[in-house]
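Engineer: whatever this is, show me its structure:
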Amino acid sequence: MDRQDEIEGLAILIRDLRKHKKVTLADLAKKIGRSVGFLSQVERGLSQPTVADLTAIGEALQTPTTYFYSVSMPRALPWVTRPGERRTLYYGGGITDVLVSPSMSSGFSMLESRLDPGATSGERPVDDSDEQGGFVLEGELTIWLDDDEPVTLRPNDSFQLPARRRFRYANLTEEPARVLWVFT
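Structural biologist: Alright, predicted model coming up:
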């Protein structure tokens with residue numbers, strides 16, 4: 001799939017899930033603190049949600065964020081994924097997540113996050129019900145946990161965030177960054 005196909009696929013997943021849960025666009029917008037117009041554009045593939053937006057949408061619809069990676073690609077071995085078989089989400093804010101796990105039904109999932117220079121998870125903090133951690137492969141990642149001072153991580157640094165802790169993250173440099181994330 002190309003980038004536009006992935007964006008449109010995410011738009012369809014969000015719209016179909018919202019309708020299946022019998023939640024109006026206005027109700028969902030209110031729950032996540034965004035405008036109806038913004039959500040309408042997301043559901044039509046015209047705007048991309050930030051990481052914080054998509055996490056909030058999942059929480060509001062009582063669905064784990066991993067649901068949005070659920071489009072399966074054909075694989076020769078069910079326990080192996082190769083680059084052409086992976087699902088990709090393109091977020092607003094300059095972040096691209098690639099699902100590197102072969103399955104979403106195991107005890108954990110892995111994502112490779114690619115952060116453009118200046119990329120951010122969004123102005124609002126992410127409030128995820130999953131425990132997660134990561135390993136910085138390239139570049140720098142700055143994380144704000146709750147209201148604490150930001151922490152900047154560099155290649156080979158790792159982190160582990162408890163479930164239900166509010167955080168934001170960004171690449172504050174002029175170089176791209178890559179992070180391997182692990183979610184429970």
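
Engineer: quick one, helices of this structure?
Structural biologist: Ranges of helices within the chain are 3-20, 25-32, 36-43, 51-60, based on DSSP state H.

Engineer: out of these, which is the most enclosed?
Structural biologist: Most buried of the helices of the chain by mean neighbour count (mean count of other C-beta atoms under 10 Å) is helix 51-60; its value is a mean of 22. Every C-beta, even on glycine, is put in place using the N, C-alpha and C of the backbone.

Engineer: so what touches it?
Structural biologist: The contact list for helix 51-60, computed with C-beta atoms under 8 Å, 6 or more residues apart in numbering, reads 14, 23, 28, 31-34, 42, 49, 64-65, 67-68, 89, 91-93, 95, 97, 121-129, 168-169.

Engineer: same thing but at 7 Å, please
Structural biologist: Taking contacts as C-beta atoms under 7 Å, 6 or more residues apart in numbering, the residues outside helix 51-60 that touch it are 14, 28, 31-32, 34, 49, 64-65, 67-68, 91, 95, 121-122, 124-129.

Engineer: kindly report the same for stretch 98-112.
Structural biologist: Under C-beta under 7 Å, 6+ apart, the answer for stretch 98-112 is 66, 69-70, 75, 78-81, 86-88, 97, 178, 180-184.

Engineer: list the buried residues of stretch 110-125.
Structural biologist: Of the residues in stretch 110-125, 110-115, 119-122, 124-125 count as buried by neighbour count, 16 or more other C-beta atoms under 10 Å.

Engineer: actually stretch 79-87, not the one I wrote
Structural biologist: 81, 85-87.

Engineer: distance of the residue of the chain most remote from its centre from Gly45?
Structural biologist: The centre of the chain is farthest from one residue, Ala76, which by C-alpha atoms, centre = their mean lies 26.4 Å away. Going from Ala76 to Gly45 by C-beta to C-beta, to the nearest Å gives 31 Å.

Engineer: which parts of the chain are strands?
Structural biologist: 88-90, 95-99, 109-115, 126-127, 132-138, 141-145, 151-153, 158-161, 166-170, 177-183 (DSSP state E).

Engineer: pLDDT of the second one, averaged?
Structural biologist: Along strand 95-99, the predicted local confidence has a mean pLDDT of 92.

Engineer: tilt between that strand and helix 51-60?
Structural biologist: 50 degrees (axes from the mean of the first three to the mean of the last three C-alpha atoms, to 10 degrees).

Engineer: flag the shaky bits of this protein, pLDDT-wise.
Structural biologist: 1, 70-75, 104-105 (pLDDT under 70).

Engineer: what sits against the residue nearest to Asp146 when sequence neighbours are not counted?
Structural biologist: Spatial nearest neighbour of Asp146, chain neighbours left out: Arg166 (5.7 Å); criterion: C-beta to C-beta, 6 or more residues apart in numbering. Neighbouring residues of Arg166 by C-beta under 7 Å, 6+ apart: 125-127, 146.
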